[in-house]
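Undergrad: Any chance you could fold what I've pasted below:
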Amino acid sequence: MTTAEMQSPPATLAQRIEALLPLTQCGACGHSGCNPFAAALAARQAAPGACTPGGPALARRLADLCGQAYVPTLAEFLAPVPLPLVARIHEADCIGCTKCIAPCPTDAILGTGRQLHGILEADCTGCGLCLPPCPVDCIELTPQSRPDWPAPDRPGARTIATGTPLAACTACGQCDKSCPSQLAPHALATTVRALDTAAAVELGLARCTECRACDAICPVAIPLTAHFIHGKSLVLAQAEMATRASHAAGRQHVRRQRLTRALPTTTATLVATPSDRAQAQAGVNAALERARARRAP
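TA: Model prediction:
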């Protein structure tokens, strides 16, 4: 730990909450941004599940941080993190009004008056703040295609949805004895089912080789391996969300600096103010007479 870190005050609950948020600044939680939502959640004036871009997986982490209970439903477990969204502009409809540029919290929209606008997809957080001001509705949010994202239509998730539930476990202990990686399959699957990825990682989720030995020996045919596959994809998705949030925070910081940067003031006086206004008016009239004389035939 550096000297600066030792001297800095400990992070408040609101700051720790904000550090977990996707930082889209979308306002879907009912607040004007991620910082106000973090403050409201810390004061117990908001619900952990109000951040829709974070999904149930984030709701579980926020609930743990705030000391609240959160038990995900099966549907929430199978779709724990929404797919990232990106804004797209329909080129044929864009009129170049520039009204979508100012609301973008990451300066991801490029364009100028009466010219087609473009979106930097790497910087777009999919917040949707550019949609309301568009007078021709030429912007839409589309989910990014991610074949490795945890979702109900993935093979592992479908197996979980149709297979024997974890509650049917007879506590025989055979899955523990069969695991070549010396894991505790049922305990690991239970933590994954609860969306407690931190505990699942500590229990050795990454060490699972997906050999399905635990599935083969389970007397009630619980699809344990499918839980591990689903859990691994969730861990990867959360890591990507954290990377995207860090990038968004950097872009938002640069934007705030740009907006607060003071414009240079001009101190030079280009034309001195005349002390005698009548004399100045006489000079203007004389200049006009000279111009008329030059134009006369």
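Undergrad: I'd guess Leu236 is in a helix, am I close?
TA: Yes: membership of Leu236 in a helix is supported by DSSP: H, G, I helix; E, B strand; the rest coil.
Undergrad: Might you report the residue contacts of the residue lying closest to it once chain neighbours are set aside?
TA: Distances taken as Cβ to Cβ, 6 or more residues apart in numbering place Asp148 nearest to Leu236, at 6.4 Å, with adjacent residues excluded. (C-beta placed from N, C-alpha, C; glycine too.) Neighbour list for Asp148: Ser233, Leu236, Ala237 [criterion: Cβ atoms under 8 Å, 6 or more residues apart in numbering].
Undergrad: Residues in contact with stretch 119-133: which ones?
TA: Identification of contacts with stretch 119-133 by Cβ under 8 Å, 6+ apart yields 22-27, 53, 84-89, 99-110, 137, 139-141, 244, 247-248, 251.
Undergrad: Where does Asp215 sit: helix, strand or coil?
TA: Under the three-state scheme (three-state DSSP), Asp215 adopts helix.
Undergrad: ok so, going back, weed out the non-buried ones from the contacts of Asp148.
TA: When the contacts of Asp148 are checked for burial by 16 or more other Cβ atoms under 10 Å, the buried set is Ser233, Ala237.
Undergrad: where does the residue nearest to Leu236 land in three-state SS?
TA: Following three-state DSSP, the label given to Asp148 is coil.
Undergrad: What backbone torsions are found at it?
TA: Asp148 adopts backbone torsions of phi -100, psi 10, taken as degrees, to the nearest 10.
Undergrad: for Ile119, same thing?
TA: In terms of degrees, to the nearest 10, the main-chain angles of Ile119 are phi -120, psi 130.
Undergrad: Can you give me the neighbour number for it?
TA: 19 (other Cβ atoms under 10 Å).
Undergrad: buried residues in stretch 16-27?
TA: Ile17, Glu18, Ala19, Leu20, Leu21, Pro22, Leu23, Thr24, Gln25, Cys26.
Undergrad: Of the contacts of stretch 119-133, grab the buried ones for ChimeraX.
TA: The ChimeraX selection below is limited to those of those classed as buried (16+ other Cβ under 10 Å):
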select :22,23,24,25,26,53,84,85,86,87,89,100,101,103,104,105,106,107,108,109,139,244,248,251
